[in-house]
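Engineer: Prediction below, plus the sequence it came from.
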Amino acid sequence: MDSVIKTYIKNTRQYEDEAAFKTAVESVSPYRRQKIALLKNIKDKRRSLAAAISLNTALKEYGLEERTMEYDVGKQGKPYFRYNSDIHFALSHSGDYAICSIGAHETGNDIELIKSGRERVAQRFFAEEELNWIYEAQDPRERDERIFRIWTMKESFLKVTGRGMSLPLKDFAVVVADDGKNDIRQNLNDITYCMKEYSMPEKLPEYDSYKISVCSEAGTFAPELVEVN
């Protein structure tokens, strides 16, 4: 099995068309259909659907289809494949995009639409060294970007560990490196986690308005995102 962690990205806007939405929903597994049905907000439904379609595209490289997969859920609520537990995946969505990361190692990911006015949230949840790095930026836009870079990396770490929000955000810290080889300071276990930040393809709408991070126990990531049509 390929040890490289690959991340797929899909725009949700095509599902604004009701017929396209219904057709796509029928193509995913009962597990995914149920998750979509339980969502009340139509935008959330589109995002969840786009994540499922991205997962299906990723699974094709393994000769599998998402609609035939059977799921189980771990103790912390992280889903996995019942009969293909050697395939690890993570899903995330925000704004008009959804992502899926997949590979042979435990993986977590996050995509976030950059928003302003989140400094109080950062002050409440981020570690001191993360805040110091954020406030090194003088430009308000760059500061917003740094907040969401940290946020996506922290969320990715939470997902890869399977702990979710049960692990306080101040109990670990992202150490940002100039060479892009960012690190995680943590005392949860002895595993060395690797982090990858992605830039969205410039041809995508609002490509510079999102931050994307992937965290894994493996050190090898695909160099670029794979766009899903």
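Structural biologist: Happy to help now that I have it.
Engineer: Just the C-alphas of stretch 184-195, formatted as PDB.
Structural biologist: C-alpha atoms of stretch 184-195 as PDB (Å, rounded to 0.1, in the frame of the first residue of the first chain):
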ATOM      1  CA  ILE A 184       4.300  19.500  17.400                       C
ATOM      2  CA  ARG A 185       5.300  19.900  21.000                       C
ATOM      3  CA  GLN A 186       3.300  17.400  22.900                       C
ATOM      4  CA  ASN A 187       3.400  15.000  25.800                       C
ATOM      5  CA  LEU A 188       0.500  12.700  24.800                       C
ATOM      6  CA  ASN A 189       2.700   9.900  23.500                       C
ATOM      7  CA  ASP A 190       6.100   9.100  22.000                       C
ATOM      8  CA  ILE A 191       5.000   9.300  18.400                       C
ATOM      9  CA  THR A 192       6.700  11.800  16.100                       C
ATOM     10  CA  TYR A 193       4.000  13.500  14.100                       C
ATOM     11  CA  CYS A 194       4.600  15.200  10.800                       C
ATOM     12  CA  MET A 195       2.700  18.200   9.500                       C
END
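Engineer: just how off-centre is the lengthiest helix in the chain within its chain?
Structural biologist: Longest helix of the chain, by residue count under DSSP state H: helix 140-161. Distance of helix 140-161 from its chain centroid, counting by CA atoms, centre = their mean, to the nearest Å, is 11 Å.
Engineer: could you say what helices and strands that helix packs with?
Structural biologist: With contacts defined as 3 or more CB pairs under 8 Å, 6 or more residues apart in numbering; DSSP states H and E, helix 140-161 has these neighbours: strand 88-94, strand 107-113, helix 119-125, helix 128-135, strand 173-175, strand 194-198, strand 210-216. C-beta here means a position set from N, CA and C on the backbone, and glycine is covered the same way.
Engineer: at 6 Å what do you get?
Structural biologist: In terms of contacts (3 or more CB pairs under 6 Å, 6 or more residues apart in numbering; DSSP states H and E), helix 140-161 is packed against strand 107-113, helix 128-135, strand 210-216.
Engineer: what angle sits between it and strand 107-113?
Structural biologist: 150 degrees (axes from the mean of the first three to the mean of the last three CA atoms, to 10 degrees).
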